[in-house]
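In: generate a structure from the sequence data that follows.
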Amino acid sequence: MPKPALMEKRQRLQKDMMKTFQNDLQQLNSQLQSILIDDMVTAFYNRLDILEKSKTSNRRCLNHMRRSKLEMHLDILRTLAQKGPLKLTHIMYKSNVNCSVLKEQLVFLIKNSLVKEKTLKKERLVYEIAEKGFTVLKYFRELQTLLPIEEEDISRIPSILY
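Out: Modelled structure (predicted):
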């Protein structure tokens, strides 16, 4: 359950967005307005999470960042390790991967026993990290600490390698 301070902040942001988009929202009924505003706030916070992740990781800056398949696989595994079992769309937003690419990545991760598909009540399909996925993340973290790559070192790596 979200903390009260976060809920207050979220509610303030919703009110501010409601004021900002008041003219655009007038044609919708109040229920649709609140759903749309809630979706906008959620998208805003998801983008902030992505920006924060990119700031803390040792990647190129966002304007010309292109992730390798390995980086995408690791982002998906990290998301599942942090958030638990998730639906496809939730993984997509939290890992910043488009749907078709994510489906390909998940096929690879499932085939290699790093991720498991799980069906919950009412045939809801979710994905969760497998034990082997946790092991891969652990080894990759150890490798990062042993061989840290500085920003300027990344620019020297030939683009064919990523």
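
In: give me the neighbour count for Ile37.
Out: 19 (other C-beta atoms under 10 Å). Where you see a C-beta, it was placed from the backbone N, CA and C, and this is true even at glycine.

In: the host helix or strand of it - what's its average pLDDT?
Out: Assigned by DSSP states H and E, Ile37 belongs to helix 30-56. For helix 30-56, the mean per-residue pLDDT is 78.

In: list the buried residues of it.
Out: Buried positions in helix 30-56, judged by neighbour count with 16 or more other C-beta atoms under 10 Å: Gln33, Leu36, Ile37, Met40, Val41, Ile50, Lys53.

In: and the first one, how close does it get to Met7?
Out: Between Gln33 and Met7 the distance, using C-beta to C-beta, to the nearest Å, works out to 19 Å.

In: buried stuff in the helix or strand following the helix holding Ile37?
Out: Once helix 30-56 ends, the next helix or strand along the chain (criterion: DSSP H and E) is helix 69-83. Judged by neighbour count (16+ other C-beta under 10 Å), helix 69-83 contains these buried residues: Met72, His73, Leu74, Asp75, Ile76, Leu77, Arg78, Thr79, Leu80.

In: and those residues as CSV, adding distance to Leu88 and pLDDT?
Out: Converted to CSV, the buried residues of helix 69-83 look like this (distance: C-beta to C-beta, whole Å; pLDDT from 0 to 100):
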residue, distance to Leu88, pLDDT
Met72, 15, 88
His73, 16, 90
Leu74, 18, 90
Asp75, 15, 91
Ile76, 11, 93
Leu77, 15, 93
Arg78, 17, 93
Thr79, 12, 92
Leu80, 12, 93
